[in-house]
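K.L.:
need the 3D shape of this:
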Amino acid sequence: MALSRPFKYLFSACLGSIKIWDVSVNMDEAPQVGTIELNKENNYIRAIKITPDGKTLVAGGEGQDPHIVAKLPTGGYDTYTLTISHDSRTVLIGGRDNCIQMWDLVTRQFIRTFQGHTGAVTCTTLSRDGKKLYSGSCDGTIRLWDMPTSQCLETFHFPSAVHSFDLNPLIPILTVGLEDGVVQRYLTRPGAESGEEEVVYWMLGVEVVGMGIK
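P.N.:
A predicted model of the protein is given here:
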């Protein structure tokens, strides 16, 4: 899901389309005010994001190239995660092809690729200053990348596939959701060989596919 800026519309992804809801008056009984049809194959939309300036909606999903107003020709791999730069100019796209593609949202031109994961890329986020990129993968790692050079600075290892994570904006802690149902809090120390892990919650047999830090 994604919220417009200013706060008025909620966009929810589903099978082959995005539904638009007016949440400006009543969140509990928000009326549907529109639908964006994205594909005729009825594949699920897995990720949607709105640029920080509120002017552009980006969506990606199964078996299709990500959409802005027109498609970005990324190769047709399933898209699992989208992250938009703080200046609203670029989008980072991760998915089944095990890499992260960086595209210019203004020109819709490909910029470069972040390569190193050996499994599908499931989640991504940028640091507050926009100079570092974190990416989680089904290969059981989170990688820390240098944005200007696309170089991997550090790799954090986990016991199962990483499906979700969030970065604390105030202190260097990642909260990580894994395929085996464990939520781990991980103290990141860029440049060190490893961090300090702490299991904070255990959900036996339940995959952790999303989370957020409040």
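
K.L.:
nearest residue to the residue positioned nearest the centre of the chain in space, ignoring adjacent ones along the chain?
P.N.:
The centroid of the chain falls nearest to T81 when counting by C-alpha atoms, centre = their mean (3.4 Å). Using C-beta to C-beta, 6 or more residues apart in numbering and skipping the chain neighbours, the partner closest in space to T81 is G94 (4.3 Å). Every residue, glycine included, has its C-beta placed from N, CA and C.

K.L.:
return the per-residue confidence for T188.
P.N.:
The model reports T188 with a pLDDT of 64.

K.L.:
the nearest residue to G136 once chain neighbours are set aside: what's it in contact with?
P.N.:
Leaving aside its sequence neighbours, G136 sits nearest to V162 (C-beta to C-beta, 6+ apart; 3.6 Å). Residues in contact with V162 (C-beta atoms under 8 Å, 6 or more residues apart in numbering) are 122-123, 136-138, 140-142, 176-179.

K.L.:
who wins on neighbours among these?
P.N.:
G136 (31 neighbours; other C-beta atoms under 10 Å).

K.L.:
just checking, it touches C123?
P.N.:
Yes - between G136 and C123 there is a contact under C-beta atoms under 8 Å: 4.2 Å.

K.L.:
identify the contacts common to the two.
P.N.:
162-165.

K.L.:
pLDDT at the residue of the chain most remote from its centre, what is it?
P.N.:
Largest separation from the mean C-alpha position in the chain: V25, at 28.5 Å (C-alpha atoms, centre = their mean). pLDDT for V25: 75.
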